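Engineer: Sequence first, then the predicted structure, then my questions.
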Amino acid sequence: MFYGAAVFDPLLIVAQIVSMQCLHYLSLGLLQWLLLGPYVPNFSMYYFFDFHAVNVHKFSGWMVIVSFLANSVAGAGYLCVVVERAKKCLDFTATLYITHLFFCIFHTGLPATLEWWVLQFTCLVIMAVLGEWLCMRREMREIPLSGLNWGNKARQPTK
């Protein structure tokens, strides 16, 4: 079967979604620990899921913003490795950020600040566009045929 043929595999899709979500929060936690950890006394899930943490009037809020933006760039790399298809990048990115929205609603309630919504939309766009670009570059690479010896046997002298 050709690589481009559409085969519906729900188990693969769920595994990819779970993998993307886990990688997203793992790298977000690492980035926030590095950028925010030295400046806050109690590093907690507040910085992941509470919309009040995204605040342009505080230094810690800017570190949260920088960690989310950097994580969206890392997420584009994860898309390239986990999803591997440019046309699926927007779907998986939207699923990731919608799931994050549900986690935030469960943790604190519906986000009520414009800063949070602008940050999440910006991260979604960065991750989807950069992920599609990386996947397209990967898909457009030439297939190396130099290792195959097609036609070389006819050119070799017989002994």
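Structural biologist: Received it, and whenever you're ready, just let me know what you need.
Engineer: Any stretches of the protein with poor pLDDT?
Structural biologist: 1-6, 147-159 (pLDDT under 70).
Engineer: Helices of that one, residue ranges please.
Structural biologist: 10-35, 46-49, 59-82, 89-107, 114-139, 152-155 (DSSP state H).
Engineer: and of the ones you listed, who's closest to residue 146?
Structural biologist: The closest of the helices of the chain to residue 146 is helix 152-155. By C-beta to C-beta, the value is 10.8 Å. For every residue, glycine as well, the C-beta is placed using N, CA and C.
Engineer: ok so, going back, reformat the helices of the chain into JSON lines and put mean neighbour count and distance to residue 146 next to each item.
Structural biologist: Output for those, formatted as JSON lines (neighbours: other C-beta atoms under 10 Å; distance: least, C-beta to C-beta, whole Å):
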{"stretch": "helix 10-35", "mean neighbour count": "15", "distance to residue 146": "32"}
{"stretch": "helix 46-49", "mean neighbour count": "19", "distance to residue 146": "48"}
{"stretch": "helix 59-82", "mean neighbour count": "20", "distance to residue 146": "25"}
{"stretch": "helix 89-107", "mean neighbour count": "17", "distance to residue 146": "31"}
{"stretch": "helix 114-139", "mean neighbour count": "17", "distance to residue 146": "19"}
{"stretch": "helix 152-155", "mean neighbour count": "7", "distance to residue 146": "11"}
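Engineer: Fine by me, thanks again.
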